[in-house]
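Colleague: Give me the fold of what follows.
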Amino acid sequence: MRNPAASSLAQAYHSSLLARASAIIRMHTTMANLVGLAGGFVAIFCLLALPAQLSIHVLLYLVLTIWIILRPRIALYLLPIAIPWGSLDTLHLGEINVDSADILVFLLAVSWLMRFALRPFSTQRRTAPLDRDSSAVPHYLTFAILAYIFTMLLSLPGSFGLKLSLKEISKWLELLIVVFIGSQYIRTRRQIWTLSVLMCLVALSQALLGYLQALLELGPQSFIRNSVLRVYGTFDQPNPYAGYINMTLSITIALTLLSKSAIIRLLAGITSILLGVALLLSQSRGGDTALAATLLFIVLLGMPYLRTALRVAALATLVLVATYLGGLLPATLTDPILQKLGLAGISLVIPTPDDFATAERLAHWIAGVRMFLNHPLFGVGIGNYATAYSKYFVTIFINPLGHAHNYYINIAAEAGIFGLAGLLTFLTAVFIVGVRASININDTIKNIQAHLTTQVQQATVTPYGKRDTLGRLRTLSNDRALVVGLLASLLSVCVHNLVDNVFVHSMTSLFALLIVMLMRLGALAPGAGNNGGRFE
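Modeller: Numbers count the residues shown, from 1 in each chain. Predicted coordinates for the structure are as follows:
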């Protein structure tokens, strides 16, 4: 016989079970758990179905993918490591070579795009990957980057090799991604200083590798100069290695000279010495020239009390140059020095060992200028200098070496006058960002100092308030030192590019990180149009 009461009780019991089960499922159905579950299934598939070596690679990048999807900022922290070391683990996808830095930038972009799908399900404003600010990239910088990439696209119709062009354009698209997205995920000064520390540690690892190469003579015979091996790290060539070392060395020198923290000065000073020795071991004259320019820049911008002495030194240098050009200096004094530097008696037909490197650079400059004169508007196609070189080489220098040994001539040859104008516009916008960051921090320091002086004069400041204000001033002074270092680092690239091409081995992404750090340091200082809430 059917019991209605018992039936309704059973229905209620089953309904409560379903409700509890549904609640438990909703509670545990988080983005992290779903991604982890999917990753677990893929990992099992990789272990069972793929060869052992490929399986390890897939699993490694699977873990990296999950990590970055859940914490996009991790990609920015890993980039300084992947830029020099990622070339040791290059993936060959057909005719395209992809390294770890390329993969990190791609995953950063994917994680950023996922925010559009995750936003409706987010209950917390700062739940990763929504832990971000709206874009802080100035409009003029965005326009400059896009304009530069557009000038590269204009050169495609006349390109000798389309694949080479697309490879070069992809580097600058990665720069755009890092600048645009990185400025959203780098939200606090602590994150900026974390990036700085990571850059220094990775640069030290490259310096130590350089020491081992010099000590054990691990390198080709062609890298030996004056019986000493030129070190090259993981960059295959000494000059890009020197350019990379200089990018971090400029920052540590600025921190050593300008920081208000004794521990920062000590650590930065030790790092500067170690990196400086690695730079010397590279025997890169382009690197030495870039370092000299950055040292002068750091002193001029960060030590205004030395500007008078520098003006006197500059005047003396001009007098010395005028004396030499006027023929008043004896040739017996100047000729041996110029000859040793490879700056006198240069022959493009029978170069001597001392001037061979200079003659080779000069020959590539001439070839690049010839390309530009034959294709003045759109060039021979971005990334196609080496392909077109056979039609423009000079005398015995038939090896294209990949680029014109002057990035500005190289761009003019590959992308014409529009490409060169785009590059100069981009670099101008970058330094405007840096100068504005420096001005903002300097103005903030002056305002705080003036406010503190007024409080002291009116006897309205408490001991705790004074101590807190002085601490903020020290923090801002350290930030100012870092801003000067970042600007000097960008300048070192621009100067070194006069005699080489530093934008190799994903160093465009490192260049982009420096830009992001500059933008955020200027924006996060109190008085920069926000409430200073992230100035911790």
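Colleague: Of all the residues in whichever strand or helix holds residue 475, which ones are buried?
Modeller: Residue 475 is located in helix 463-496, with elements delineated by DSSP states H and E. Within helix 463-496, the residues scored as buried using 16 or more other C-beta atoms under 10 Å are 469, 472-473, 475-496. All C-beta atoms are positioned from the backbone trio N, CA, C, and that covers glycine.
Colleague: Mind giving me the packing neighbours of the host helix or strand of residue 173?
Modeller: Using DSSP H and E, residue 173 maps to helix 162-185. Under the contact definition 3 or more C-beta pairs under 8 Å, 6 or more residues apart in numbering; DSSP states H and E, helix 162-185 sits against helix 73-85, helix 100-118, helix 139-154, helix 507-524.
Colleague: Which secondary structure elements does the second one sit against?
Modeller: In other words, helix 100-118. Contacts defined by 3+ C-beta pairs under 8 Å, 6+ apart place helix 100-118 against helix 52-70, helix 73-85, helix 162-185.
Colleague: out of these, nearest to residue 113?
Modeller: Nearest to residue 113 among the helices and strands packed on helix 100-118 is helix 162-185 (9.6 Å), distances taken as C-beta to C-beta.
Colleague: Now the element after that closest one, going C-ward?
Modeller: Helix 162-185 is succeeded, C-terminally, by helix 189-216 (DSSP H and E).
Colleague: and that next one, average pLDDT?
Modeller: In this model, helix 189-216 has a mean pLDDT of 95.
Colleague: pLDDT weak spots in the stretch 201-350 of the chain?
Modeller: For the stretch 201-350 of the chain, applying pLDDT under 70 flags the ranges 307, 310-311, 314, 318, 321-347, 349.
Colleague: run the last query once more with 50
Modeller: Within the stretch 201-350 of the chain, no stretch has pLDDT under 50.
Colleague: do you know how far residue 402 is from residue 279?
Modeller: Distance, residue 402 to residue 279, by C-beta to C-beta, to the nearest Å: 22 Å.
Colleague: So for those two, which sits in the more crowded spot?
Modeller: Neighbour count, other C-beta atoms under 10 Å: between residue 402 and residue 279, residue 279 has more, with 23 against 15.
Colleague: ok, for the more buried one, nearest residue in space, not its chain neighbours?
Modeller: Nearest in space to residue 279, with sequence neighbours left out and distances taken as C-beta to C-beta, 6 or more residues apart in numbering, is residue 245 at 5.0 Å.
Colleague: Could you grab the helix/strand/coil label for the one you found?
Modeller: Put simply, residue 245 is helix when judged by DSSP: H, G, I helix; E, B strand; the rest coil.
Colleague: do residue 460 as well
Modeller: coil.
Colleague: any idea how far residue 466 is from it?
Modeller: 11 Å.
Colleague: Next: residue 309.
Modeller: 35 Å.
Colleague: what's the first-to-last distance across stretch 78-98?
Modeller: 16 Å (C-alpha to C-alpha, to the nearest Å).
Colleague: What is the longest helix seen in the chain packed up against?
Modeller: Identified as the longest helix of the chain according to DSSP state H is helix 407-457. Using 3+ C-beta pairs under 8 Å, 6+ apart as the contact test, the elements touching helix 407-457 are helix 139-154, helix 356-374, helix 385-388, helix 463-496, helix 507-524.
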